[in-house]
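Q: Requesting a structural model of the entry that follows:
(one chain, ligands or ions: 2)
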Amino acid sequence: MARVCSSFLLLVLVLVSSVAMATEPSPLQDFCVADKNAQVLVNGFACKNPSLVQADDFYFDGLRMRGNTSNAVGSKVSLVTVEQVPGLNTLGISMARVDYEPGGLNPPHVHSRATELFTVLEGTIEVGFVTSNPENRFITKVLHKGDVFVFPFRLVHFQRNIGNVNALAISTLSSQNPGIVTIANAVFGSKPDISSDILAKAFQTSNEVIENLQFKF
Ligand code: GLV
Ligand code: MN
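A: Ligands and ions are numbered 1, 2, ... in the order given. Next up, the predicted model:
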């Protein structure tokens, strides 16, 4: 009986740990270039016939130029995910070029499916993330050229250029499709709007303040 119990316990532990450690599944072949025309729906994309794969399936030249930072926040995130590079399908990785004008902010956001490794190539950038409830601890640092910082999986984070020249960073993300949820856009810019009563209560403010924010987003 004791042996049956301990085998059962072992089985449960194996199952639980494989669920708890799950990330994107490991590839079962050298590559599985995304076939965007395939009719079959899978988690990710179906594979293109390997004999039709070309170098261009693994290539992207869209990061040569500075991103256009003429917007309300003064920053531009240019993503390189499976959308831009079909060869990234099933490989569990993507990246972004992030440009900032002086004072430019990549506003508080989360990646629904990725941890982010952030490297400053030019400038001085203040970064931060907030841990989950109930601590909500704010962890922040000023980064200089060559510095690296981690934003852990799904935590709210931001970056701000605190120098007086343009800044540039490269991010690597642990998913072929990391997802970005910008907090202000999700909360105040949802379509249709979340009722202002709900947000007024959540943010402990008036409906008027909320409607003002909803108007902006
Ligand atoms: C991109 O999402 C970044 O935070 O750099
Ligand atoms: Mn990010």
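Q: Find the nearest non-adjacent residue to H111, please.
A: P178 (4.3 Å; C-beta to C-beta, 6 or more residues apart in numbering). C-beta: built from backbone N, CA, C; applies to glycine.
Q: residue contacts, that neighbour?
A: 79, 81, 94, 111-114, 116 (C-beta atoms under 8 Å, 6 or more residues apart in numbering).
Q: Which of those residues are buried, as a ChimeraX select command?
A: This is how ChimeraX selects the buried members of these, with burial counted by 16 or more other C-beta atoms under 10 Å:
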select :79,81,94,111,113,114,116
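Q: Among the contacts of P178, which one sits closest to ligand 1?
A: Nearest to ligand 1 out of the contacts of P178 is E116 (C-beta to the nearest ligand atom; 5.6 Å).
Q: Next one: the closest one from S94, what distance?
A: 10 Å (C-beta to C-beta, to the nearest Å).
Q: Reformat the contacts of P178 as JSON lines; add distance to ligand 1 and pLDDT.
A: Output for the contacts of P178, formatted as JSON lines (distance: C-beta to the nearest ligand atom, whole Å; pLDDT from 0 to 100):
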{"residue": "L79", "distance to ligand 1": "7", "pLDDT": "98"}
{"residue": "T81", "distance to ligand 1": "11", "pLDDT": "98"}
{"residue": "S94", "distance to ligand 1": "10", "pLDDT": "98"}
{"residue": "H111", "distance to ligand 1": "6", "pLDDT": "98"}
{"residue": "S112", "distance to ligand 1": "11", "pLDDT": "97"}
{"residue": "R113", "distance to ligand 1": "12", "pLDDT": "97"}
{"residue": "A114", "distance to ligand 1": "9", "pLDDT": "98"}
{"residue": "E116", "distance to ligand 1": "6", "pLDDT": "98"}
